[in-house]
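[1] Return atomic coordinates for the entry below.
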Amino acid sequence: MSLLSVSDLTVKFAMRDQTVTALHDISFDLAKGERLGIVGESGAGKSITGFSLMNLLSKPGYIDSGKILFEGQDIAGMNDAQMRGIRGNKMAMIFQDPMVTLNPVLTIGQQMVETLQAHRKLSRDEAEQIAIVKLREVYIPSPEERLNQYPHELSGGMRQRIIIAMALLLNPQLIIADEPTTALDVTIQADIMELLLELCQSNKVGLILITHDLGVVSQMTERTLVMYAGRIVEAGRTREIINDPQHPYTQGLINALPQQTLPGHRLKQIPGNMPSLTSIPVGCPFSPRCSYAVDHCRTTRPEPISYGTVRVACHEVNRLHNDTPDQEKQA
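    Residues are numbered from 1 along each chain as shown. Alright, predicted model coming up:
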């Protein structure tokens with residue numbers, strides 16, 4: 001049995017004058033200890049997916065249909081009281097900015113001890129000892145002293161390490177990391193990602209890594225979902241997607257990586273922008289930006305099909321490997 005099984009998950013937002021769909025029929029499985037990447041541009045639906053899995057959607061957002069099975073239990077319809085035994089306890093989330101996650105008026109020790117005591121019957125001394133052990137696991141120097149410090153007294157990298165330690169406090173089986181290095185300096189980002197990978201492997205914790213960086217995904221994950229406009233457009237083994245992308249959007253993301261451009265040349269980019277939720281194109285949502293799009297793409301939405309070893313939603317996937325796109329026409 002999979003640790004997590006998501007089937008036909010649809011998320012909507014009830015706006016004042018209309019209801020928009022943020023996620024369309026999202027389906028995937030995650031095995032115990034497996035590492036999955038979710039990639040795409042801003043607005044693709046990555047973070048909404050993460051919040052939905054944790055059942056943290058706030059109004060006007062809501063899960064319209066579909067199932068989220070965690071250890072066989074459907075958590076999509078659970079209330080806060082029911083989720084209390086799962087959220088933080090068996091599933092944990094690491095957010096983008098640690099200064100938003102940490103309470104600025106409580107010490108690190110207070111926050112870690114409260115988290116432990118909310119889920120376990122522990123004395124303060126017992127909770128503090130567990131907190132110290134977890135801080136050591138993430139290589140925090142002098143952890144006993146850090147317990148008495150406030151978030152603003154620590155560096156950005158130190159705060160993110162503490163967030164990771166807090167996520168591991170209750171030995172969860174799944175961690176959802178939403179752009180965990182966005183607020184950090186480039187020099188610190190690699191250290192944090194290496195630490196997260198090490199801890200997930202040593203503790204056999206499942207990981208869902210939400211990011212826009214395919215370079216990070218290639219180093220961290222075993223499988224990858226590529227999302228566009230609230231849909232999964234390509235899914236498969238990370239190595240195969242990176243080495244031989246099937247969808248034009250995935251190709252565009254890879255070509256946009258800085259290492260794909262020779263020094264002194266302009267960086268490549270995908271023309272146009274991600275559509276807003278209120279103006280998703282008819283047919284394939286990527287068609288206005290796609291060099292391969294034909295009339296059929298603009299009128300009929302492609303369904304995911306197996307192509308080689310991946311699942312891809314593209315009408316022209318066969319032609320994509322035989323033709324060279326006419327970039328001038330797209331411009």
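[2] Surely residue 99 forms part of a helix?
    Yes - counting by DSSP: H, G, I helix; E, B strand; the rest coil, residue 99 falls inside a helix.
[3] So it is in contact with residue 151, correct?
    Yes - Residue 99 is in contact with residue 151 according to CB atoms under 8 Å; the separation is 6.3 Å. Quick note: C-beta positions are derived from backbone N, CA and C, even for glycine.
[4] where do the contact lists of the two overlap?
    residue 159 (CB atoms under 8 Å, 6 or more residues apart in numbering).
[5] Neighbour count for these two, which is higher?
    A direct count of neighbours by other CB atoms under 10 Å for residue 99 and residue 151 places residue 151 higher, at 20 against 14.
[6] Quick check, pLDDT for the more buried one.
    Note on residue 151: pLDDT of 94.
[7] and if you look at residue 326?
    As predicted, residue 326 sits at a pLDDT of 44.
[8] hey, what's the most centrally placed residue in the chain bridged with?
    Nearest to the mean C-alpha position of the chain, by CA atoms, centre = their mean, lies residue 210 at 1.9 Å. Residue 210 forms beta bridges with residue 38, residue 178, as assigned by DSSP bridges.
[9] From residue 258, how far out is it?
    21 Å (CB to CB, to the nearest Å).
[10] for residue 77, same thing?
    Residue 77 is 44 Å from residue 258, by CB to CB.
[11] Can you show me the strands along the stretch 101-250 of the chain?
    Taking DSSP state E, counting those that start in this stretch to define them, one finds strands in the stretch 101-250 of the chain at 174-178, 206-211, 223-228, 231-237.
[12] so where's the stretch 1-150 of the chain shaky on pLDDT?
    Scanning the stretch 1-150 of the chain for pLDDT under 70 picks out 1.
[13] mind listing the helices for it?
    46-53, 80-83, 98-101, 108-119, 124-137, 143-146 (DSSP state H, counting those that start in this stretch).
[14] Report the angle between the longest one and helix 108-119.
    Taking axes from the mean of the first three to the mean of the last three CA atoms, to 10 degrees, helix 124-137 and helix 108-119 form an angle of 110 degrees between their directions.
[15] Show me what residue 68 bridges to in the sheet.
    Under the criterion used (DSSP bridges), residue 68 bridges to residue 6.
[16] quick one: it from residue 95, how far?
    In terms of CB to CB, residue 68 sits 19 Å off from residue 95.
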